[in-house]
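Trainee: fold the following, please.
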Amino acid sequence: MAVKIRSNGSLALPSLLLVLVLALPLASCSRNRTIDISDSNSIELSPTVDWALVREPYAAFRKDPSFESPVASHARRGEIMRLLGKKYVTTGTGKNEHTTVWYSFEQGWLDESLVTLYDNKFKAQAVADSYTE
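Mentor: Numbering: from 1, shown residues only. Got it, this is the predicted structure:
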């Protein structure tokens, strides 16, 4: 490839653009990170399905959306589950009234303070992986 140099010492514009265009793909590939979605279930990427990641070291699923409800099951930090539904629960009266969101899963109900929601399973998995690093 010939580079044209003008009499004032500057590169010709077409050659400079060509060098930049060829260098751009090389510079943008600095991270070698891939996500294999070929074996994935399509529900993991569905825009209508939310995923929850347990962010506390230990979480107790309840049979009903209440801390007074019996424990149905348990989960640990980093576990990912498909969200089935949610319910707003209001406790107290007057100035002491408080509304909490409870999320429904196959194992039972978890309070909103125990989980973080993601719009696909891969995002939740990326955060869960960072818990172990």
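Trainee: who does Gly108 form a beta bridge with?
Mentor: Each beta-bridge partner of Gly108 is listed here: Phe105, as defined by DSSP bridges.
Trainee: switch to numbering from 266
Mentor: All right, first residue 266 from here; so that's Gly373.
Trainee: distance of it relative to Asn385?
Mentor: With the distance defined as CB to CB, to the nearest Å, Gly373 ends up 23 Å from Asn385. C-beta here means a position set from N, CA and C on the backbone, and glycine is covered the same way.
Trainee: who's in contact with Ser334?
Mentor: With contact set as CB atoms under 8 Å, 6 or more residues apart in numbering, Ser334 has these partners: 327-328, 374.
Trainee: between Gly373 and Asn385, who's got more neighbours?
Mentor: Just comparing Gly373 and Asn385: by other CB atoms under 10 Å the higher neighbour count belongs to Gly373, 21 against 16.
Trainee: which non-adjacent residue is nearest Thr365?
Mentor: In this structure, Thr365 finds its nearest non-sequential neighbour in Val354, 5.3 Å apart by CB to CB, 6 or more residues apart in numbering.
Trainee: only the buried residues of the helix or strand that neighbour falls within, if you could.
Mentor: With secondary structure defined by DSSP states H and E, Val354 is part of strand 350-356. Buried residues in strand 350-356, counted by 16 or more other CB atoms under 10 Å: Val354.
Trainee: mean confidence score for it?
Mentor: Model confidence over strand 350-356, given as mean pLDDT, is 93.
Trainee: ok, stretch 325-335 next?
Mentor: In the prediction, stretch 325-335 has an average pLDDT of 96.
Trainee: any weak-confidence spans in this structure?
Mentor: 266-312, 398 (pLDDT under 70).
Trainee: let's see that with 90 instead.
Mentor: Where the chain drops to pLDDT under 90, the residues are 266-314, 356-359, 363, 396-398.
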